[in-house]
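Student: just the structure for this:
(2 chains)
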Amino acid sequence: MNLLLENKINAALMDIFKKLDLNEQFAFVKVSDRPDLSDFQCNAALALAKIAHKNPREIGTMIADELKKCDFCESISVDGPGFINIKLKNEVIAQNADKMAEDERLGCGLVENPHKVVLDYGGPNVAKTMHVGHLRSGVIGESVSRIERFVGNEVISDVHLGDWGTPMGMILAEIVRKDGNLNKVETYDIVQITEFYKQANIRCKEDESARETARLITAKLQDGDELYYKAWQHLRGESVKAIKDNYARLDVNFDLWWGESNAHETCGKIVKIARDKGISEVDNGAEIIRLEEGNKPKPPVILIKSDGGYTYHTTDIATIKMRVDDLATEEIVYFTDSRQTLHFEQVFEAAQKLEIAPNVKLQHIVFGTVNGADGKKPFKTRDGGVMDLETLIEMSKDKVRQSLPKAGEVEGYGEAEIEKLTSQIAVAAIKFQDLKNTINSGYVFELDDFAKFEGKTGPYIQYAIARINSVLRKAETAGLKCGKIILEAPEERALALKLAQVHNVVMRAHSDKEPSIIAEYTYGLAQIFSTFYNACPMMGASTPQLAASRLKLAKLTRDVLKLMLYLLGIEAPEVMLKAENKGE
RNA sequence: GCGCUCUUAGCUCAGCAGGAUAGAGCAACAGCCUUCUAAGCUGUGGGUCGGGCGUUCGAAUCGCCCAGAGCGCGCCA
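Tutor: This next block holds a predicted model:
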């Protein structure tokens, strides 16, 4: 069952192109740029004309004449320099929507060759407070994870904690400096631990000998020193608890809570492989792998520092090996900001030289940093610090509370229900604000935007869903049922046409690893629904058939919107309550 | 110095396997609650797509040059 109108036309075009002996790579349509003229457009004639040095309108007319023989088109015309404009019959669009409503996947297909993919996102560091900079990786990763699963791939997500580098030595050194030993470590909670880290950071910045001490302790820890290791375990445990808490608030989930430390043993193997293959060498006391320095010179990968410790190159390379050997993954995707581009180029090249991941696709999805008001530098709060995630969420929730009734004011909505609703809306605002941006560009963090609920926002979409829920509840009470979809009003037609795009949208988001494609579509769909909602009364439709049709269209829209929000990692509350005196 | 990325409406961003009048949201302005939740809807104004040259019938989109910005460049992660 093919539930995509676009593909139906594409299939017809493919046949026609074969028949006319035209280059089939151009046999496709896209959603029309000119909805006033058509539903879909095909630009093939322009491209073909260029190659064949012919008149594009001539080729366009040839294709259009063939297409006219198909039974699903209302009208076909060749316009402008050679655009083929295609308008579908209302019945075809209506029938398609009916089928979508019957399909449990709402017309969305699966990938042809499902495979196993490891997604590496999040990457928070032990002992460091999570701040807005951690938002993107987690939010994008969670969405991609859901999209990949939905299209049929097997996903293993890994938080990949920063838990094994010099910062660990720094914080241990700081604790020893204060307490004289590590006896009290196990009594420290996350607040104290992050405080130690802050102090250590300041100290190491200005004091060379402190850095030296930290390095020594790091090396001891990595060598398996029992005392340091035990202390480290406590630090890691407390941090993980706090990190899990933060991610839970945002509904960001991981299958694995591995970190750099898990790769430690494998690091040794990596070094051995490098030596056996003769691709490592010692340079200035460090063991390195030189990379191609042809057209694009790259610094070497440092496997072992001159003090004997491993670098994050080594742990990342080792982690690739573990994911390939232990998890049998066929693809690994990393989500980090653009500052790590060179790092991953180096790691991927080294992995290739070491031949530890043959036939495994390694991909680095790069996103821009979350910037402050100047649009250039990473976001800082007014006092110069970074804003932590918890504060951000609380600010957004406070704003939501202002527009919600108090607990008990609405029947069935006590404190717990209101609190849940508050957080669902606040988190939707935050996540959508992030996901609507294309991944690769950075974006400006406007504090106000994260507490904005009008326009292109998460709550706007939740609101559309809540309104449909409300109508459906009332229709049920009134004994009205959904029925066969008929499209008469332009608003009905536009809605059904938009719904038909869902499969392609999901597939594009999947292949580009780009949730913003879904965010954009979801907003557009909610918008078209709102227009329909205002123009086409459902319960009060002129005939029972029309009412049944509109209710079905609304229900399908609701289901698609909910699915899209799910893929973005955003919840859809059943209702959106309103405070009594709102907006007056 | 070398490399990568970026510059589109007052603001934040889409659009870029070249194509028909460059799109959203916010902000501004004007309307719409006796009818399914106004977190909504309808409409208006606002852009020589950083600058220049080139390729092309056609360039925001491709190439070159210039200006401005950001990021990165062996022992931090």
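
Student: any idea how far residue A:424 is from RNA strand B?
Tutor: 10 Å (CB to the nearest atom of the strand, to the nearest Å). Where you see a C-beta, it was placed from the backbone N, CA and C, and this is true even at glycine.

Student: where does the nearest residue to residue A:131 once chain neighbours are set aside fall, secondary structure wise?
Tutor: Residue nearest to residue A:131 in three dimensions, not counting chain neighbours: residue A:386, with 4.1 Å by CB to CB, 6 or more residues apart in numbering. For residue A:386, there is no host helix or strand (DSSP states H and E).

Student: so residue A:386 makes contact with residue A:133?
Tutor: Yes: at 6.6 Å, residue A:386 counts as touching residue A:133 under the criterion of CB atoms under 8 Å.

Student: contact residues of the stretch 301-450 of chain A facing RNA strand B?
Tutor: Within the stretch 301-450 of chain A, the positions near RNA strand B by CB under 7 Å from any atom of the strand are A:302, A:305-307, A:309, A:311-312, A:315, A:338-343, A:369, A:371, A:375-377, A:400, A:403-404, A:425, A:437-438, A:440-444, A:446.

Student: scratch that, the stretch 51-200 of chain A is what I was asking about
Tutor: Checking the stretch 51-200 of chain A against RNA strand B by CB under 7 Å from any atom of the strand, the hits are A:56, A:79-81, A:83, A:85, A:125, A:162, A:164-167.

Student: can you pull the contacts of the residue in the stretch 151-300 of chain A that RNA strand B sits nearest to?
Tutor: Across the stretch 151-300 of chain A, the shortest distance to RNA strand B (CB to the nearest atom of the strand) belongs to residue A:165, at 2.1 Å. By CB atoms under 8 Å, 6 or more residues apart in numbering, the residues touching residue A:165 are A:218, A:260, A:312.

Student: may I see these organised as TSV, with pLDDT added?
Tutor: Compiled in TSV, the contacts of residue A:165 are given as follows (pLDDT from 0 to 100):
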residue	pLDDT
A:218	89
A:260	92
A:312	92
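
Student: now a ChimeraX select for only the buried ones of these.
Tutor: With 16 or more other CB atoms under 10 Å as the criterion, this ChimeraX line picks the buried residues out of these:
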select /A:218,260,312
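
Student: now, the contacts of residue A:165 that are in helices?
Tutor: A:218, A:312 (DSSP state H).

Student: can you pull out the strands in chain A?
Tutor: A:30-31, A:40-42, A:73-79, A:83-88, A:116-120, A:154-158, A:280-283, A:286-289, A:301-304, A:331-337, A:361-367, A:370-371, A:443-444 (DSSP state E).

Student: not counting its neighbours along the chain, what's nearest residue A:228?
Tutor: residue A:221 (4.3 Å).

Student: contacting residues around that neighbour?
Tutor: A:168-169, A:172, A:228-229, A:232.

Student: which of the residues you listed sit farthest apart?
Tutor: A:169 and A:229 (12.1 Å; CB to CB).

Student: coming back round to it: for the residue of the stretch 151-300 of chain A closest to RNA strand B, phi and psi?
Tutor: phi -100, psi -170 (degrees, to the nearest 10).

Student: picking that back up, columns mean neighbour count on top of the strands of chain A, output as CSV?
Tutor: Conversion of those to CSV gives the following (neighbours: other CB atoms under 10 Å):
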stretch, mean neighbour count
strand A:30-31, 14
strand A:40-42, 22
strand A:73-79, 17
strand A:83-88, 22
strand A:116-120, 23
strand A:154-158, 20
strand A:280-283, 15
strand A:286-289, 20
strand A:301-304, 22
strand A:331-337, 21
strand A:361-367, 16
strand A:370-371, 19
strand A:443-444, 17
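
Student: of all those strands, which one comes closest to residue A:536?
Tutor: Closest among the strands of chain A, using CB to CB: strand A:83-88, at 19.8 Å.

Student: helices or strands up against that closest one?
Tutor: Strand A:83-88 sits against strand A:40-42, helix A:44-52, helix A:56-67, strand A:73-79, with contacts defined as 3 or more CB pairs under 8 Å, 6 or more residues apart in numbering; DSSP states H and E.

Student: could you tell me the least trusted of the ones you listed?
Tutor: Of all the helices and strands packed on strand A:83-88, helix A:44-52 carries the lowest average pLDDT, namely a mean of 87.

Student: what's near enough to touch the closest residue to residue A:138 other than its chain neighbours?
Tutor: Spatial nearest neighbour of residue A:138, chain neighbours left out: residue A:252 (4.3 Å); criterion: CB to CB, 6+ apart. Residue A:252 sits next to A:122, A:138-139, A:141-142, A:569 when contact means CB under 8 Å, 6+ apart.

Student: between residue A:169 and residue A:229, which is the more surrounded one?
Tutor: residue A:169 (26 against 14; other CB atoms under 10 Å).

Student: I'd guessed the more buried one sits against residue A:218; true?
Tutor: Yes: here residue A:169 reaches residue A:218: they are 3.0 Å apart, a contact under CB under 8 Å.

Student: residue nearest the centroid of chain A?
Tutor: What sits nearest the mean C-alpha location of chain A, by CA atoms, centre = their mean, is residue A:140, with 2.8 Å.

Student: distance of that residue relative to RNA strand B?
Tutor: Taken as CB to the nearest atom of the strand, the span from residue A:140 to RNA strand B is 13 Å.

Student: enumerate every residue touching that residue.
Tutor: A:121, A:335, A:365, A:367, A:434-435, A:439, A:515 are the contacts of residue A:140 under CB under 8 Å, 6+ apart.

Student: where does chain A have low pLDDT?
Tutor: For chain A, the stretches with pLDDT under 70 are A:1-3, A:293-297, A:373, A:378, A:380-385, A:580-584.

Student: apply 50 and report the result again.
Tutor: A:1, A:582-584 (pLDDT under 50).

Student: out of the strands of chain A, which is closest to residue A:554?
Tutor: strand A:83-88 (21.3 Å).

Student: show me chain A divided up by domain.
Tutor: With domains defined by automatic domain parsing, chain A comprises A:5-88, A:166-249, A:256-371, A:389-568.

Student: quick one: closest of these to residue A:578.
Tutor: The nearest among the domains of chain A, by CB to CB, is domain A:389-568 at 6.7 Å.

Student: wait, residue A:558 touches residue A:471, no?
Tutor: No: Residue A:558 is not in contact with residue A:471 according to CB under 8 Å; the separation is 9.2 Å.

Student: partner residues bridging the closest residue to residue A:375 other than its chain neighbours?
Tutor: With sequence-adjacent residues excluded and distances taken as CB to CB, 6+ apart, residue A:375 is closest to residue A:444, at 5.0 Å. According to DSSP bridges, the partner residues bridging residue A:444 are residue A:371.

Student: what do you get for residue A:161?
Tutor: residue A:259.

Student: now that it has come up, it's in contact with residue A:127, right?
Tutor: No: counting by CB under 8 Å, residue A:161 sits too far from residue A:127 to count as a contact (10.5 Å).
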